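Colleague: quick check, what structure comes out for this input:
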Amino acid sequence: MDVATFLRSCRVEAGLTQRQLAERAGTSAAAVCHYERGTRIPRADTLVRLVAATGATLTWTALRFPADPATIDAMEDNGEALAAVLDLAEHLPRRPRPETIEAPVFAALATAR
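Modeller: Residues are numbered from 1 along each chain as shown. You can find the predicted model right below:
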């Protein structure tokens, strides 16, 4: 279930209008409308406030993440490899920017600024 559907079902189950939910959660009715249509996605703290205002509770599940230990190990290995690559990139020497541009076409553009 996506956020828009979940929020709408919580509101409808609580018997609230979008305006009533907005007042209880401290936001605007327009924002609630956008969230329920899926044209905007609320921040996590806003979503928690909205759901709490309906009397429901919000629990986070790991349904999108695989529970297979081999996959989790592979994800950890990939994360470590990515961290190593980013560390390496930080330590690479940087080339100085040339003060002048050698190509005549680019030199004309540089002086046109």
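Colleague: all contacts plus neighbour counts: C-alpha atoms, from now on.
Modeller: OK.
Colleague: which stretches of the chain have low pLDDT?
Modeller: The chain contains residues with pLDDT under 70 at 60-68, 97-113.
Colleague: center of it - which residue?
Modeller: Nearest to the mean C-alpha position of the chain, counting by Cα atoms, centre = their mean, stands Arg43 at 8.3 Å.
Colleague: against Tyr35, how distant is it?
Modeller: 10 Å (Cα to Cα, to the nearest Å).
Colleague: distance from the chain centre to the lengthiest helix in the chain, please.
Modeller: Looking across the chain with DSSP state H, the single longest helix is helix 69-91. Between the centre of helix 69-91 and the centre of its chain there are 21 Å (Cα atoms, centre = their mean, to the nearest Å).
Colleague: what's the answer for stretch 4-14, then?
Modeller: With Cα atoms, centre = their mean, you get 22 Å for stretch 4-14.
Colleague: can you list contacts of that stretch?
Modeller: Around stretch 4-14, the neighbours that count as contacts under Cα atoms under 8 Å, 6 or more residues apart in numbering are 17-18, 21, 35-38, 41, 50-51, 54-56.
Colleague: show me which of the residues you listed is closest to Ala29.
Modeller: Gln18 (5.6 Å; Cα to Cα).
Colleague: what's the nearest residue to the closest one if we skip its chain neighbours?
Modeller: Nearest residue to Gln18, sequence neighbours excluded (Cα to Cα, 6 or more residues apart in numbering): Ala29, at 5.6 Å.
Colleague: only C-alpha atoms, please: export the longest helix of the chain in CSV.
Modeller: Output in CSV follows, covering the C-alpha atoms of helix 69-91 (Å, rounded to 0.1, in the frame of the first residue of the first chain):
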residue,chain,number,x,y,z
PRO,A,69,20.9,-13.6,4.7
ALA,A,70,23.0,-14.0,1.5
THR,A,71,21.4,-10.9,0.0
ILE,A,72,22.0,-8.9,3.2
ASP,A,73,25.7,-10.0,3.2
ALA,A,74,26.0,-8.9,-0.5
MET,A,75,24.4,-5.6,0.4
GLU,A,76,26.9,-5.1,3.2
ASP,A,77,29.8,-6.0,0.9
ASN,A,78,28.6,-3.6,-1.7
GLY,A,79,28.3,-0.9,1.0
GLU,A,80,31.8,-1.5,2.1
ALA,A,81,33.1,-1.4,-1.5
LEU,A,82,31.2,1.9,-2.1
ALA,A,83,32.7,3.4,1.0
ALA,A,84,36.2,2.4,-0.1
VAL,A,85,35.6,3.9,-3.6
LEU,A,86,34.4,7.2,-2.1
ASP,A,87,37.3,7.3,0.3
LEU,A,88,39.7,6.7,-2.6
ALA,A,89,38.0,9.5,-4.6
GLU,A,90,38.5,11.9,-1.8
HIS,A,91,42.2,11.3,-1.8
